[in-house]
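Colleague: fold the stuff below for me.
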Amino acid sequence: MNEIKDYNLVSVITPTYNSETYIRETIESVRQQTYPHWEMVIVDDGSTDQTISIIEEYQKEDDRIRLIALEKNQGAAVARNTAIENAYGRYIAFLDSDDRWLPEKLERQLTFMREHDYAFTYTGYKRVQVNDEGHRIEKDVEMPEAATYQQLLKSCVIGCLTVILDRKKIPDIRMANIRSRQDYALWLNLTRRGYKAYGLQEVLAAYRVRSNSISSNKVRMAKQNWIVYRQVEELSFLKSLWYFAHYVFLKVKAYLNYMR
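Modeller: Sure thing, here's the model as predicted:
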C-alpha cells in the first residue's frame, strides 16, 4: 500500500465493470462534493463497453480522477484492493460505479470523524429502485449509532458506499478475495480487531438497486454470507448457523418494511 502522502486527502475507491450507463452520475457526485480535497481512484475490471472512454473524458477535465485499467476481469475485491494499494490519502472512502453521494457527504462525515476521533464511520443512505412499472421508489435505510463485531455477524447494517476509514489509525486495509460480500468481510475483520464502527445519522448517499446485481439475488447473497461465516471468519458450524438464522430473520424483516 502507498504511504500516506496527504493527511487531508480522501481517496475514493471505485471499482467498475461495464458501467457506461451509470458511471457519469457516480463521478459527478464526487466532483460536486463541498469538500474538494479528494482523489478518485477508479479501477476498471476489464470493461468491454465505453466505460473507460467515459472515465478518460473526465480525466481531461479533472486531474483528481485517476484510472487504473486491469487487463482482465478479476472481481470487485481485486479492483478495490488495487485502488487501495494506489491510494495517496489518509482517508479511504468507498463508492461503487452505480451509486452516488449527496454533495455534503465528505464534508459532514469528515467533521464527524475528526470531532470524535473515530477511525471507522458510516452514514445513512437511501435505496433507489425502479419497479416493473417504471416508477422510482426511494426509501431511507435506518442506521444504528454504532456497530460491533457481534452485531455485524447478525446483520451487515453498514452500506459500503457510506464508509470512510482513517488509515492513520487503521494501517492495514484490505478486502478478502471473494467474489462478493468482500466489504462485509472487511467490516467484520476491522471490528474483530477492535475498531468499532460509528454511524452518522444522516442520509448522505444513494444506493442503486439493480435487478441484475449480485446483491439483488437474495439466495446468492445468503450463500455468500454463509461463505463469510465459514471460510473467512472460520466460525464453527453451529455458530455459523446461529448467526445465519439472525441474518435471514432480519433480512425478511427489512424486506417487509421496505415493501410497505
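
Colleague: is it fair to say residue 46 lies in a strand?
Modeller: No: Residue 46 is assigned coil when assessed by DSSP: H, G, I helix; E, B strand; the rest coil, not a strand.

Colleague: give me the number of residues near the closest residue to it other than its chain neighbours?
Modeller: Leaving aside its chain neighbours, residue 46 sits nearest to residue 73 (3.8 Å; criterion: C-beta to C-beta, 6 or more residues apart in numbering). C-beta: built from backbone N, CA, C; applies to glycine. Applying other C-beta atoms under 10 Å, we find 14 residues neighbouring residue 73.

Colleague: do the same with the one 4 residues further on
Modeller: Applying the criterion other C-beta under 10 Å, we find 21 residues in the vicinity of residue 77.

Colleague: can you tell me how far it sits from residue 21?
Modeller: 23 Å (C-beta to C-beta, to the nearest Å).

Colleague: can you classify the residue nearest to residue 46 by secondary structure?
Modeller: coil.

Colleague: so residue 225: helix, strand or coil?
Modeller: Here residue 225 is recorded as helix under three-state DSSP.

Colleague: so it sits against residue 184, correct?
Modeller: Yes: at 7.4 Å, residue 225 counts as touching residue 184 under the criterion of C-beta atoms under 8 Å.

Colleague: so, low pLDDT: which residues of the stretch 151-260 of the chain?
Modeller: 210-217, 253-260 (pLDDT under 70).

Colleague: quick one: buried residues of the helix or strand where residue 207 lies?
Modeller: Secondary structure from DSSP states H and E places residue 207 in strand 197-208. By neighbour count on 16 or more other C-beta atoms under 10 Å, the buried set for strand 197-208 is 197-200, 202-208.

Colleague: leaving out chain neighbours, which residue sits closest to the residue nearest to the spatial centre of the chain?
Modeller: With distances taken as C-alpha atoms, centre = their mean, residue 160 lies nearest the centre of the chain, 2.3 Å away. Leaving aside its sequence neighbours, residue 160 sits nearest to residue 183 (C-beta to C-beta, 6+ apart; 4.0 Å).

Colleague: that neighbour: neighbour count?
Modeller: Around residue 183 there are 21 residues (other C-beta under 10 Å).

Colleague: and it, what does it touch?
Modeller: Taking C-beta atoms under 8 Å, 6 or more residues apart in numbering, we find residue 183 in contact with 94, 158, 160, 163, 175.

Colleague: which of those residues fall within strands?
Modeller: Members of the contacts of residue 183 lying in strands (criterion: DSSP state E): residue 94.

Colleague: thinking again about what came up before, I'd say the residue nearest to the centre of the chain and residue 96 touch.
Modeller: Yes: assessed by C-beta under 8 Å, residue 160 is found in contact with residue 96 at 6.9 Å.

Colleague: before I go, just wanted to say thanks for your time.
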